[in-house]
Each structure stands twice: as structure tokens, then as C-alpha cells.
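Asks: need the 3D shape of this:
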Amino acid sequence: MTENSNGDTAGRSPAAGQQSADLASAVRAAAQAAAELHRNLDSSGDALHVLTTALQHPSSRRTALIALSVLETDVTAALVAPVVEASLSHRDALLARQVIGRIPYRVYEAAVPGVVNDLLADADDDTYRRLAELLDHLGLDPQLELLCERAASSDDPDIREVAADFGPY
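Replies: Numbering: from 1, shown residues only. The predicted structure follows:
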């Protein structure tokens with residue numbers, strides 16, 4: 001085999017070609033499975049309930065988020081509240097942020113702030129931090145500013161630290 005000017009191998013071994021074909025086949029199968037899952041969601045009135053329930057349990061939350069990451073964004077848009085709540089989990093925070101981020105901006109811009117506000121009602125410093133990270137990730141700066149103002153006025157020094165970390169609001 002020879003290398004081109006980029007250092008890539010010009011020829012592939014038969015095993016590498018087979019691995020590439022296997023990967024392409026797996027990607028097609030995953031896309032077909034996602035399409036089938038979306039069709040089943042459309043035909044089942046209980047599907048959103050099943051996903052909502054799965055998002056509430058740590059043992060099934062990740063699987064539900066992965067499913068939402070490949071489904072059409074209208075499904076995720078219908079489940080914004082439980083996905084925002086899932087973003088409070090240290091383990092699943094990034095995946096939940098990414099799932100919400102797939103929704104059109106105007107849709108999550110309208111839905112996320114109300115959920116965040118509700119969750120802040122009895123929030124500790126960790127909840128403030130996870131929600132600030134979510135708002136920052138999504139580019140919801142006006143809502144992040146409100147969260148920081150609220151955090152800055154808290155009696156809890158750990159909550160005030162969130163405002164200092166995400167400010168200067």
C-alpha cells in the first residue's frame with residue numbers, strides 16, 4: 001500500500017473494506033430502526049407516556065434520551081419538561097442538553113424557560129448549576145441572565161457562586 005500526500009493509505013486491505021461495509025450496513029439498520037420507532041410512536045397514544053416514564057427513572061433515562069436523539073424533533077418537543085428534568089442528572093446532563101438542542105430554537109426558546117423557572121422554585125446549588133449549564137448550552141442568554149440574578153440574591157453562598165460563574169449579569 002502507498003500513502004498519499006495526507007499520509008492516508010491509498011489501498012485498503014480486504015478486512016478494512018469489509019469493516020467499512022459492515023459499518024455502513026449498521027448505520028442503515030440503525031436509521032431504519034429509528035424510522036420504525038418513530039412510526040410506532042405515531043401510531044401509539046401511549047408512546048409519549050412510555051418515554052416520559054422512562055425519562056423519570058435513572059435505569060431507563062439514558063435509553064429514552066438515546067431514542068429521542070434519533071427520533072424526529074417533534075417527539076422531543078412534546079417532552080421538553082421531562083428532558084429538562086433529565087438534564088439535572090450528572091450522568092445524563094450532556095445527552096439531555098444535546099437532545100433539546102436538536103429541537104428548532106424557536107420551539108425550545110418558548111418551552112424551556114417555563115420549565116426552568118418551575119424547577120428553580122425549590123432548587124439547591126446543584127440544580128441551579130445544571131440549569132445554568134443547560135441555558136448556556138442552548139444559547140438562552142436572557143433566561144440565563146434571569147437565573148443568575150435570582151442566584152445572586154440567594155442567601156445560599158453556593159447558589160450565589162453559580163451567578164458568579166455564569167455572570168456578569
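Asks: check which helix or strand covers Ala123.
Replies: Per DSSP states H and E, Ala123 falls between elements, in no helix or strand.
Asks: how close does it get to Ile159?
Replies: 8 Å (CB to CB, to the nearest Å). Just so you know, the C-beta spots here come from the backbone N, C-alpha and C atoms, and that holds for glycine as well.
Asks: also Gln19?
Replies: Applying CB to CB to Gln19 and Ile159 gives a distance of 51 Å.
Asks: neighbour count winner among the two?
Replies: Ile159 (21 against 12; other CB atoms under 10 Å).
Asks: residue contacts, that one?
Replies: Shown in contact with Ile159 (CB atoms under 8 Å, 6 or more residues apart in numbering): Ala123, Asp124, Asp125, Tyr128, Ala151.
Asks: number of residues surrounding Ser69?
Replies: 14.
Asks: and the one 10 residues further on, by the same measure?
Replies: By the other CB under 10 Å criterion, the neighbourhood of Leu79 contains 22 residues.
Asks: that one touches Thr53, doesn't it?
Replies: No. The pair formed by Leu79 and Thr53 falls short of the contact definition of CB atoms under 8 Å, at 10.9 Å.
Asks: let me see the ranges of the helices in the chain.
Replies: With DSSP state H, the ranges of helices along the chain come out as 14-43, 47-55, 58-70, 73-78, 80-86, 93-101, 105-120, 125-138, 141-152, 157-166.
Asks: just name the most buried of those.
Replies: Greatest average neighbour count among those goes to helix 80-86 (a mean of 22), per mean count of other CB atoms under 10 Å.
Asks: what mean pLDDT does that helix get?
Replies: On average, the pLDDT along helix 80-86 is 97.
Asks: that helix: how far from the chain's middle?
Replies: Taking CA atoms, centre = their mean, to the nearest Å, the mean C-alpha location of helix 80-86 is offset from the chain mean by 9 Å.
Asks: other SSEs contacting that helix?
Replies: With contacts taken as 3 or more CB pairs under 8 Å, 6 or more residues apart in numbering; DSSP states H and E, helix 80-86 sits against helix 47-55, helix 58-70, helix 93-101, helix 105-120.
Asks: hmm, 10 Å instead?
Replies: In terms of contacts (3 or more CB pairs under 10 Å, 6 or more residues apart in numbering; DSSP states H and E), helix 80-86 is packed against helix 47-55, helix 58-70, helix 93-101, helix 105-120, helix 125-138.
Asks: out of these, which comes closest to Ala86?
Replies: helix 93-101 (4.2 Å; CB to CB).
Asks: from the rest of the structure, what touches that closest one?
Replies: 55, 61-62, 64-71, 73, 76-77, 79-80, 82-89, 92, 107-108, 111-112, 115, 129-130, 133-139 (CB atoms under 10 Å, 6 or more residues apart in numbering).
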